[in-house]
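[1] need coordinates for the following:
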Amino acid sequence: MAYGSPEFAPSPGDELTVRTLPVFFGVLELLVRAGVTTVAEAAFQDHVWRPRLAPLRDLAHLRIVHCIVDTDVAVQRMMRRREEHPLRRVHADPRPEEAETYAEQREAFRRVSLDAPWIEVDTTDGYKPGLAAIVAFVADAN
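    Numbers count the residues shown, from 1 in each chain. This next block holds a predicted model:
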């Protein structure tokens, strides 16, 4: 979708995001209904995730992995990704001069609050808890 929108400029609620959400969740539902073990990764807020994941709870053993990182590390990573990957232009990543505003927005972020098992993983420097613990958590279907 990014390749098909060369002049696109991201903003909250933009046209590409509006088109992307049904595709993302439609593919997720298709995979879950087919019995495919799936990882759905996105930095969506609760108001986006919860109403679209809730109908899948009876079809899958949902596990939520909340990744956290310090704001300065997050900004550095986004800046690097923007430079290294041209398609990042479709994301509303902050520019260097927007770092302070981004920190405020980040504080207002609401993670998914679906009634499902979850684990918090700090990705500042590797994974804490470690990858083995994360895999064990995700594999636990009880």
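[2] which residues are in contact with the helix or strand of the chain with the lowest mean pLDDT?
    Within the chain, confidence by mean pLDDT, DSSP states H and E is lowest for helix 99-107 among all helices and strands, at a mean of 79. Helix 99-107 has contacts (CB atoms under 8 Å, 6 or more residues apart in numbering) with 71, 74-75, 94. (Glycine included, C-beta is placed from N, CA and C.)
[3] need the max-distance pair from those residues.
    Thr71 and Pro94 (10.2 Å; CB to CB).
[4] more neighbours, these two?
    Neighbour tally, Thr71 and Pro94, criterion other CB atoms under 10 Å: the higher count belongs to Pro94, 19 against 14.
[5] phi, psi for the more buried one please.
    Main-chain torsions, Pro94, degrees, to the nearest 10: phi -70, psi 150.
[6] quick check: the residue lying closest to it once chain neighbours are set aside vs Arg95, distance?
    Among residues not flanking Pro94 along the chain, Tyr102 sits closest, at 3.8 Å (CB to CB, 6 or more residues apart in numbering). As for Tyr102, its distance to Arg95 is 9 Å (criterion: CB to CB, to the nearest Å).
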